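K.L.:
I'll drop the sequence and a predicted model, then ask my questions.
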Number of protein chains: 2
Amino acid sequence: VSERLDEFQRIARFFAPLAGPGALGLTDDAAIMPGPPGTDYVLTTDTIVEGIDYFPDDPPAQVAQKLLRVNLSDLAAKGAAPVGYLLTTALPPSRGEDWLADFAAGLAADQARFGIMLLGGDSSATPGPPTLSVTAIGKVPAGEAVLRRGAKPGDLLCVSGTLGDAALGLAVLQGKLEAGAADRQFLADRYRLPQPRVALGQRLRGLAHAMIDISDGLVADAGHLADASGVGMDIEAVRLPLSDAARAAIARQPERLRAALAGGDDYELLFAAPPEARAALAALAQEQAVPLAAIGTVAAGAGGVRVRDAAGRIMSVPQGGYRHF
Amino acid sequence: VSERLDEFQRIARFFAPLAGPGALGLTDDAAIMPGPPGTDYVLTTDTIVEGIDYFPDDPPAQVAQKLLRVNLSDLAAKGAAPVGYLLTTALPPSRGEDWLADFAAGLAADQARFGIMLLGGDSSATPGPPTLSVTAIGKVPAGEAVLRRGAKPGDLLCVSGTLGDAALGLAVLQGKLEAGAADRQFLADRYRLPQPRVALGQRLRGLAHAMIDISDGLVADAGHLADASGVGMDIEAVRLPLSDAARAAIARQPERLRAALAGGDDYELLFAAPPEARAALAALAQEQAVPLAAIGTVAAGAGGVRVRDAAGRIMSVPQGGYRHF
């Protein structure tokens, strides 16, 4: 039986040695390149595969938006303003002009929403499932991109929005979670269509010491911040921000708290900020109409992520985390 | 029966309306973005799919090199110096660490050969065939990228290297072409591993009015130049530069000339240059040790591509051309 490495081990072993200085050792989900005077470009790329990252019967416009938005979320986590994107599509012959027209309409809607433009791309045929990639390009003032490294002991660990909705939404769509109609709709929408925190991310430049978007799950992504920063993270489970729908699901089945701790696809921003930033963060939350919650603290020493329950006991959280460099 | 558009019609209809100014209307295979003072970035992306663009039993290192090189060839056609790349891999579970180690070794070898570095990427799982994308980034002096538009009536239409080898090599690998052992090896190698004209492309800045790399086939790619430039192209079949191996195959089966006219994957440079550049091109061919042949001329008026045989008769050339934006 041959050895099986997880995705992060694979990247560390096979790809990190190939990385240039702009690649941030591949510990970040983006690369930085110098742009026009006073500007850095941020480049990120993400792929979605039908049957893995979305359902075959999802509306093509929504698939297009998910594809764009997972990339825009990576830019948001760098504090970058989105500029444009390159698109590659590998499509089976079954996807004809109707599919493409709807897909393109989804792109057009989000181009208008986020102020971005298509810069180029490539289209291929495939005998397999539709496989869609975007390389998104953003910009930041030179030297001001927020990285995964930089969290400091004593920092607050903060998160935007609410956690676990997307994982619960996936469970709804898979018929594995009972809920009221309104909650079902809310949770499913949170899974289907990420709302990248594009404006918030840019306003966090200068406040956040380190940042990541939550795509692999809170604990996994907090682990990425911790590892890149050489620190530990202490998270208090009772502080996790939950939507009413998630709170109701967890009240019925307490083990559903795992969705908030380890579920992916929320695309909220997780960041470390100094305690002095508390007032500024509260003002920013109000300005952006996005909840910002302090869920823990950054500890000295490379200690990984520790989650404690209300009684202060360390909880065991199986970590997932597959897709991202 | 629903309408079926070819790839170029699909791009024109669905994606061109989404393109921003840097995208060159998607008529070029690259986007241009302003870089540090005096510099433009050139961005291009290409995907290869197992079973479509390469054979399942091709060595992984060679697959990696093909993936990088088809992108470097696009940069070469812009006159750009390669800088780095982002990589996305969608792999089935059957591809384990041995495959990845060999794949990464191929990347490392070509990084050293072409002076480029990995900048970032993404890795996914897929139930389908391995699907591999690269977004390559190059740079040119500001405003000096060579585009597909710009060919002028009276220009010479020129090509580097030899044509048709890759298509004949594919026929060899498919058991459809008989040839001597040395010729078989030469032709198969030309199919398996492109040799992007990276140095030549940069030296053609200031000489070529318009340029493209031949990935879809000579006539299809000449058509892209013609359409983008609003001109016609007259090609003389007798002037096509052929390798000894291709010449031998065509001598045995004259219809094999189609490989040179319509076969893809040669990754040679096709460009329009003014007749005054003849001496400079001859000197450049010698300097770079790459044959440069004038195969026709650029005609006024949007007239597409006309190929004439030795007797001056217009030949009918079925055009292929699938993959590229």
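P.N.:
That came in fine, so what should we check first?

K.L.:
Give me the distance between the two termini of stretch A:188-198.
P.N.:
Taking Cα to Cα, to the nearest Å, stretch A:188-198 runs 21 Å from one end to the other.

K.L.:
do you know how far A:Tyr267 is from B:Glu178?
P.N.:
Going from A:Tyr267 to B:Glu178 by Cβ to Cβ, to the nearest Å gives 57 Å. From N, CA and C alone the C-beta is placed, and that goes for glycine too.

K.L.:
residue ranges with poor pLDDT in chain A?
P.N.:
Residues of chain A meeting the criterion pLDDT under 70: A:1-5, A:22, A:24-25, A:318-325.

K.L.:
The residue in chain A positioned nearest to chain B: what secondary structure?
P.N.:
Across chain A, the shortest distance to chain B (Cβ to the nearest Cβ) belongs to A:Gly128, at 1.9 Å. Counting by DSSP: H, G, I helix; E, B strand; the rest coil, the backbone at A:Gly128 sits in coil.

K.L.:
and it, what is it in contact with?
P.N.:
Residues near A:Gly128 by Cβ atoms under 8 Å, 6 or more residues apart in numbering or on different chains: A:Ala90, A:Pro92, B:Val49, B:Thr126, B:Pro127, B:Gly128, B:Pro129, B:Thr131.

K.L.:
What parts of the stretch 101-250 of chain A come near chain B?
P.N.:
Residues of the stretch 101-250 of chain A lying near chain B by Cβ under 8 Å from any Cβ of the partner chain: A:101, A:103-104, A:107-108, A:111, A:117-129, A:131, A:133, A:135, A:137.

K.L.:
Out of the residues you listed, which sit inside strands?
P.N.:
Counted as lying in strands by DSSP state E, out of these, are A:117-125, A:131, A:133, A:135, A:137.

K.L.:
closest to A:Val83 among these?
P.N.:
Proximity of these to A:Val83 (Cβ to Cβ) peaks at A:Ile137, which lies at 4.9 Å.

K.L.:
can you pull the contacts of the closest one?
P.N.:
A:Tyr41, A:Val42, A:Leu43, A:Pro82, A:Val83, A:Gly84, A:Tyr85, A:Leu86, A:Leu119, B:Met33, B:Leu43.

K.L.:
Can you tell me which of the residues of the stretch 101-250 of chain A next to chain B are classed as buried?
P.N.:
Buried members of those, counted by 16 or more other Cβ atoms under 10 Å in any protein chain shown: A:103-104, A:107-108, A:111, A:117-126, A:128-129, A:131, A:133, A:135, A:137.

K.L.:
Hmm, A:Ala167 is touching A:Asp265, no?
P.N.:
Yes - the pair A:Ala167 and A:Asp265 qualifies as a contact (Cβ atoms under 8 Å) at a distance of 6.8 Å.

K.L.:
Now do the shared contacts for these two.
P.N.:
Here A:Ala167 and A:Asp265 share the contacting residues A:Tyr191, scored by Cβ under 8 Å, 6+ apart.

K.L.:
More neighbours: those two, which one.
P.N.:
Higher neighbour count among A:Ala167 and A:Asp265: A:Ala167, with 26 against 22, using other Cβ atoms under 10 Å in any protein chain shown.

K.L.:
Contact partners for that one?
P.N.:
The neighbours of A:Ala167, taking Cβ under 8 Å, 6+ apart as the test, are A:Tyr191, A:Gly217, A:Arg258, A:Ala259, A:Ala260, A:Ala262, A:Gly263, A:Gly264, A:Asp265, A:Asp266.

K.L.:
Which of those residues ranks first by neighbour count?
P.N.:
Using other Cβ under 10 Å as the neighbour test, those are led by A:Asp266, with 30 neighbours.

K.L.:
mind listing the helices for chain A?
P.N.:
A:7-10, A:60-77, A:97-114, A:165-173, A:181-192, A:198-203, A:218-229, A:244-252, A:257-262, A:278-288 (DSSP state H).

K.L.:
in the fifth one, what counts as buried?
P.N.:
Within helix A:181-192, the residues scored as buried using 16+ other Cβ under 10 Å are A:Asp183, A:Arg184, A:Phe186, A:Leu187, A:Ala188, A:Arg190, A:Tyr191, A:Arg192.

K.L.:
on that earlier part again, between the ones in strands among the residues of the stretch 101-250 of chain A next to chain B, which is nearest B:Leu207?
P.N.:
Using Cβ to Cβ, A:Gly120 is the member of these that lies nearest B:Leu207, at 24.6 Å.

K.L.:
Surely that closest one touches B:Ile32?
P.N.:
No - counting by Cβ under 8 Å, A:Gly120 stays clear of B:Ile32, with 9.4 Å between them.

K.L.:
Distance from the chain centre to stretch A:66-78, please.
P.N.:
7 Å (Cα atoms, centre = their mean, to the nearest Å).

K.L.:
anything in it near chain B?
P.N.:
No - Stretch A:66-78 lies out of reach of chain B by Cβ under 8 Å from any Cβ, never closer than 9.2 Å.

K.L.:
Extract the CA atoms of that stretch and return them as CSV.
P.N.:
Output in CSV follows, covering the C-alpha atoms of stretch A:66-78 (Å, rounded to 0.1, in the frame of the first residue of the first chain):
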residue,chain,number,x,y,z
LYS,A,66,-19.5,30.5,-7.2
LEU,A,67,-16.4,30.1,-9.3
LEU,A,68,-15.7,33.8,-9.4
ARG,A,69,-16.5,34.3,-5.7
VAL,A,70,-14.3,31.7,-4.2
ASN,A,71,-11.5,33.5,-6.0
LEU,A,72,-12.7,37.0,-4.9
SER,A,73,-12.8,35.7,-1.4
ASP,A,74,-9.1,34.8,-1.6
LEU,A,75,-8.4,38.4,-2.8
ALA,A,76,-10.6,39.7,0.1
ALA,A,77,-8.4,37.8,2.6
LYS,A,78,-5.4,39.7,1.2
